[in-house]
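Chemist: here is the input, now give the coordinates:
(2 chains)
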There are 2 protein chains.
Amino acid sequence: MIKALVSVLLVLVAVSSTFGKYIPKSGKRIPQTLSRGWGDQLIWAQTYEEGLYWSRSRNKPLMVLFHLEDCPHSQALRKVFSEDNDIQRTLDLDFVILNLVYETTDKHLSPDGQYVPRIIFVDPTMTVRADITGRYANRMYAYEPSDIKLLLSNMRKAKKLLKSEL
Amino acid sequence: MIKALVSVLLVLVAVSSTFGKYIPKSGKRIPQTLSRGWGDQLIWAQTYEEGLYWSRSRNKPLMVLFHLEDCPHSQALRKVFSEDNDIQRTLDLDFVILNLVYETTDKHLSPDGQYVPRIIFVDPTMTVRADITGRYANRMYAYEPSDIKLLLSNMRKAKKLLKSEL
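Modeler: Alright, predicted model coming up:
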């Protein structure tokens, strides 16, 4: 009886080790999200190419958000950004969004240098909106947590597409 | 008493609508993952630039996997791919990985056209391994679910870095 049980157990172990899902030696990981904590309910583009394509095809402005997971300024902005319902709702309804922890090869996305956090708006005509800036002369596309209302008003500015201004 | 309860309820509703997390009108969404179902336990690069950087700095080959969520061939390969522990373990230990649903601007990643599913290996020297191909002459970097062992053997080929062959 015990022998039979042991056999069954061995078979079960063999089956589970063959068909069980791969788990890293260091332990199970939480799957990575594309939002990286900037809005889990929003739909994020993965790459700049994808963002540009969505922006053109949906005629919505693209917001590109450069940040770093280890940067305390990025973390502080992320907290306020992800908890601000006006920001989240407006992004969900009216924007194509992309967050990046690596720079792209497109120099237009770093008009005054590569720093984080940095938020750049791109018109559906693929024109970088260099005119939509934050509060700081030396880092024109940076925002502090206290600038969240300015960011929202800049988003409203970006919603008025360049084309409609012609 | 009932009046007081109603007031408390109203305050609670007001508080929760102000401080509650943003939820889209269409209902709560499952956060997007970077794996897109190709291996939730693996660590995926987000962009080609990021993948190349990791590949160079860790001296590991980069696997770029082009697919489409709606493509039945991609879906069939994804099922076998994500459930194959040899594939998953080898990727986790020895590769930098990137899955893309949009083409990049780099023509080297589409040596014989833009189709899905398509798997391209890139050496840490940033050389696309055009020599590592599947079974099909017309779509040299395509794999069917039945080709999963060939894919594993190609991964082993890619692990022998170009540099070490010189």
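Chemist: neighbours around the spatially closest residue to A:V128 that is not a sequence neighbour, how many?
Modeler: Once its chain neighbours are removed from consideration, A:V128 has its nearest residue in A:H108; the separation is 4.6 Å (CB to CB, 6 or more residues apart in numbering or on different chains). Bear in mind the C-beta positions are built from the backbone N, C-alpha and C, glycine included. Counted with other CB atoms under 10 Å in any protein chain shown, the burial measure for A:H108 works out to 12 neighbours.
Chemist: how far away is A:H108 from A:L68?
Modeler: Using CB to CB, to the nearest Å, one gets 21 Å for the distance from A:H108 to A:L68.
Chemist: go on, A:L161?
Modeler: Applying CB to CB to A:L161 and A:L68 gives a distance of 30 Å.
Chemist: hmm, A:L42 is touching A:T90, no?
Modeler: No: the pair formed by A:L42 and A:T90 falls short of the contact definition of CB atoms under 8 Å, at 10.5 Å.
Chemist: more neighbours, the two?
Modeler: The neighbour count for A:L42 versus A:T90, taken as other CB under 10 Å, is higher for A:L42 (22 against 17).
Chemist: look at the more buried one and give its secondary structure.
Modeler: Following DSSP: H, G, I helix; E, B strand; the rest coil, A:L42 is assigned to coil.
Chemist: how about it, what does it touch?
Modeler: Residues in contact with A:L42 (CB atoms under 8 Å, 6 or more residues apart in numbering or on different chains) are A:S35, A:Q88, A:L91, A:D92, A:I97.
Chemist: phi, psi of it?
Modeler: A:L42 has phi and psi values of phi -90, psi 160 when expressed as degrees, to the nearest 10.
Chemist: what residues are up against the residue positioned nearest the centre of chain A?
Modeler: Centroid-nearest residue in chain A, with CA atoms, centre = their mean: A:N99, separated by 2.9 Å. A:N99 is in contact with A:L34, A:S35, A:R36, A:W38, A:W44, A:V64, A:L65, A:F66, A:H67, counting by CB under 8 Å, 6+ apart.
Chemist: just those residues now: which is nearest A:R139?
Modeler: Looking at these and their distance to A:R139, the nearest is A:F66, at 11.4 Å (CB to CB).
Chemist: next one, pLDDT for that closest one please.
Modeler: The model reports A:F66 with a pLDDT of 98.
Chemist: kindly report the same for A:V101.
Modeler: Predicted confidence (pLDDT) for A:V101: 96.
Chemist: with A:M1 instead?
Modeler: For A:M1, the predicted pLDDT is 63.
Chemist: name all residues that make contact with A:I132.
Modeler: A:F121, A:N154, A:K157, A:A158.
Chemist: those residues: which two are farthest apart?
Modeler: Of all pairs drawn from the contacts of A:I132, the one with the longest distance (CB to CB) is A:F121 and A:K157, at 8.1 Å.
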